[in-house]
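J.: For reference, the sequence and a predicted model appear below.
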Amino acid sequence: MLTRQFIVFALLLLLLSLEFGVLAGADVGADVLIIDFFSCDRFGVALDYFPLETTVYFNISLRNLASDPKNVTINVSVLDVTSVPIGLDELNTIIPQNATEQYIMSVFIPKWARLGYATAYASVFVEGTLVDGESTQFYIGPTDLAPPVINFLSPENVTYESNSVPLVFTVDERPYWMGYSLNYQENVTVRRNSTLTRLVHGQYNIIVYVNDSSGNMGFSQVYFTILLIHDIAVTDLQCSPLKILIGELVNISVSVQNEGTINETFSVSIYANTTIIETLTVTNLSVGDNSTLGFAWNTTGMKRGNHTMSAYAAPVLGETDTGDNTLVDGTVALRCPGDLNNDGVVDIADVILVTAVYRSKCGDPEYRLVSDVIEDCIIDIADVVAVTTHYRETC
């Protein structure tokens, strides 16, 4: 282990090289320059106060102006307020051509260092020649024995109807490390406020731990409850048209709503009587939001007659209120082409329904909509053909 006297001697030699060597570096041309140099925390964020028996970090940026890589040695030495050397750090690296690189270096502050403003010197050597130097100051304070004080802003000791809760807290000093434990599980490291996600129904305990640079540990805890409500509902069902020939399309619109406290993904099915028509999926429907789905029912192959329409949203996991998951609303009447009296067969009775009011128009006393097969407001040969084309067909 190096003695204090040896460290002091080495630092004095370094300072002499800094004082007299810069000129030598200038003679050969300095291709590597110090762009920035300041005291910081271990993440490189500027900081200028450090207690005794803690580590002071330095953020140093170098620029290589040359067209070839440079082998560089960086020395950082620290003198306390009385100009007594208290520590040094050295780093050997290669800086690519025409590049700027950033490095974090460090020096431990011994307990015998004097309180007050200390000075750090950065010296850059290229192949043994000092090419640039810089200095910065920071304050050495008394030994820190007090743990960090943590103040919870979120979560609070309340019930949350969500599966995610913000984790927000303040600390009365700059932390060295922060983390939390949820329900006494393994610690999770954090660097800033975050969010607790994927929470399930139940009670929780969270403990936040904070270490300062002096090794003091502070902690704070809070209890909270998650109450998740799973509830979806079918709110509207519309069909158009309500009367149609077999083989044609019915357009169906269904509205659903998330009435719970958590985003939901679920399926919605359409039925004609007990026959399922189509199933679609609603993905990640937000709390309180509505979604409208469009279905197209191809009636080919269906039986004639009235069909009761219904929409069904499959219950999501944990849902208890399922009474509004089904909505029955509306009847669609399917009839066979040409079967005007809807008796299941196209025969002379259907033809008479047309010919009996032949040439009548909308507004005439004898005009009947059922006889206007092509619905052009006049009963003529086109309507007769529309019926006789299907003569003797049954359905």
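T.: Nice, thanks for sending it over. Numbering: from 1, shown residues only.
J.: Could you use CA atoms for every contact and neighbour count after this?
T.: Will do.
J.: Which stretches in the stretch 1-150 of the chain count as helices?
T.: 4-28 (DSSP state H, counting those that start in this stretch).
J.: show me where pLDDT drops low in it?
T.: 1-30 (pLDDT under 70).
J.: One more pass at 50, please.
T.: 1-9, 16, 18-29 (pLDDT under 50).
J.: Quick one: the strands in it, in order.
T.: Counting by DSSP state E, counting those that start in this stretch, the stretch 1-150 of the chain has strands at residues 32-40, 49-51, 55-64, 70-79, 85-95, 100-108, 116-126, 129-141, 150-154.
J.: will you turn these into JSON lines that also has distance to Val188 and mean neighbour count?
T.: Output for those, formatted as JSON lines (distance: least, Cα to Cα, whole Å; neighbours: other Cα atoms under 10 Å):
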{"stretch": "strand 32-40", "distance to Val188": "24", "mean neighbour count": "20"}
{"stretch": "strand 49-51", "distance to Val188": "26", "mean neighbour count": "20"}
{"stretch": "strand 55-64", "distance to Val188": "24", "mean neighbour count": "21"}
{"stretch": "strand 70-79", "distance to Val188": "34", "mean neighbour count": "21"}
{"stretch": "strand 85-95", "distance to Val188": "31", "mean neighbour count": "17"}
{"stretch": "strand 100-108", "distance to Val188": "25", "mean neighbour count": "17"}
{"stretch": "strand 116-126", "distance to Val188": "35", "mean neighbour count": "21"}
{"stretch": "strand 129-141", "distance to Val188": "31", "mean neighbour count": "20"}
{"stretch": "strand 150-154", "distance to Val188": "16", "mean neighbour count": "15"}
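J.: what about those, which gets the closest to Ile207?
T.: strand 150-154 (10.0 Å; Cα to Cα).
J.: neighbouring strands for that closest one, and are they parallel or not?
T.: If you go by DSSP bridges, strand 150-154 pairs up with strand 165-171 (antiparallel).
J.: the inter-axis angle of the next helix or strand after the strand it pairs with versus strand 165-171?
T.: Going down the chain from strand 165-171, the next helix or strand is strand 177-182, by DSSP states H and E. For strand 177-182 against strand 165-171, the angle by axes from the mean of the first three to the mean of the last three Cα atoms, to 10 degrees is 140 degrees.
J.: pretty sure Ser164 contacts His201?
T.: No - when contacts are counted by Cα atoms under 8 Å, Ser164 is not listed as touching His201 (11.1 Å).
J.: Return the residues in contact with Tyr184.
T.: Applying Cα atoms under 8 Å, 6 or more residues apart in numbering, we find Tyr184 in contact with Asn205, Ile206, Ile207.
J.: do Thr195 as well
T.: Taking Cα under 8 Å, 6+ apart as the criterion, Thr195 is in contact with Ser164, Val165, Pro166, Leu167.
J.: any idea which of these is closest to Pro69?
T.: Nearest to Pro69 among the contacts of Thr195 is Leu167, at 45.6 Å by Cα to Cα.
J.: Thr281 belongs to a strand?
T.: Yes - judged by DSSP: H, G, I helix; E, B strand; the rest coil, Thr281 forms part of a strand.
J.: what are the bridge partners for it, then?
T.: Bridge pairing for Thr281 - DSSP bridges - gives Ser267.
J.: For the stretch 201-350 of the chain, which segments count as helices?
T.: Using DSSP H, counting those that start in this stretch, the helices of the stretch 201-350 of the chain run over residues 348-355.
J.: I'd like to know which of the contacts of Thr195 are buried.
T.: Neighbour counting by 16 or more other Cα atoms under 10 Å classes Val165, Leu167 among the contacts of Thr195 as buried.
J.: For the contacts of Thr195, give me TSV that also has pLDDT.
T.: Formatted as TSV, the contacts of Thr195 follow (pLDDT from 0 to 100):
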residue	pLDDT
Ser164	92
Val165	96
Pro166	97
Leu167	97
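J.: Dump the contacts of Thr195 into JSON lines; add distance to Ile109 as well.
T.: Converted to JSON lines, the contacts of Thr195 look like this (distance: Cα to Cα, whole Å):
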{"residue": "Ser164", "distance to Ile109": "43"}
{"residue": "Val165", "distance to Ile109": "40"}
{"residue": "Pro166", "distance to Ile109": "37"}
{"residue": "Leu167", "distance to Ile109": "34"}
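J.: Could you single out the nearest of the contacts of Thr195 to Tyr117?
T.: Leu167 (37.0 Å).
J.: Make sure the closest one is actually in contact with Arg191.
T.: No - contact criterion Cα under 8 Å: Leu167 and Arg191 do not qualify, at 11.7 Å.
J.: what's the neighbour count on Ser214?
T.: Applying other Cα atoms under 10 Å, we find 19 residues neighbouring Ser214.
J.: Let me see the confidence value for it.
T.: pLDDT, Ser214: 87.
J.: Also the one 5 residues further on?
T.: For Phe219, the pLDDT comes out at 96.
J.: what about the closest residue to it other than its chain neighbours, neighbour count?
T.: Excluding the flanking residues, the one nearest Phe219 by Cα to Cα, 6 or more residues apart in numbering is Tyr209, at 4.4 Å. Counted with other Cα under 10 Å, the neighbours of Tyr209 add up to 23.
J.: do the same with Asn341
T.: Around Asn341 there are 17 residues (other Cα under 10 Å).
J.: Kindly report the same for Asn211.
T.: Using other Cα under 10 Å, Asn211 is surrounded by 19 other residues.
J.: ok so, going back, nearest to Val354 among the contacts of Thr195?
T.: Closest to Val354, out of all of these and judged by Cα to Cα, is Ser164, at 67.4 Å.
J.: do you know how far that closest one is from Thr170?
T.: Counting by Cα to Cα, to the nearest Å, the gap from Ser164 to Thr170 is 20 Å.
J.: phi, psi of the residue sitting furthest away from the middle of the chain?
T.: Taking Cα atoms, centre = their mean, the residue of the chain most remote from its mean C-alpha position is Ala356, at 69.9 Å. Note on Ala356: its backbone torsions stand at phi -70, psi -20 [degrees, to the nearest 10].
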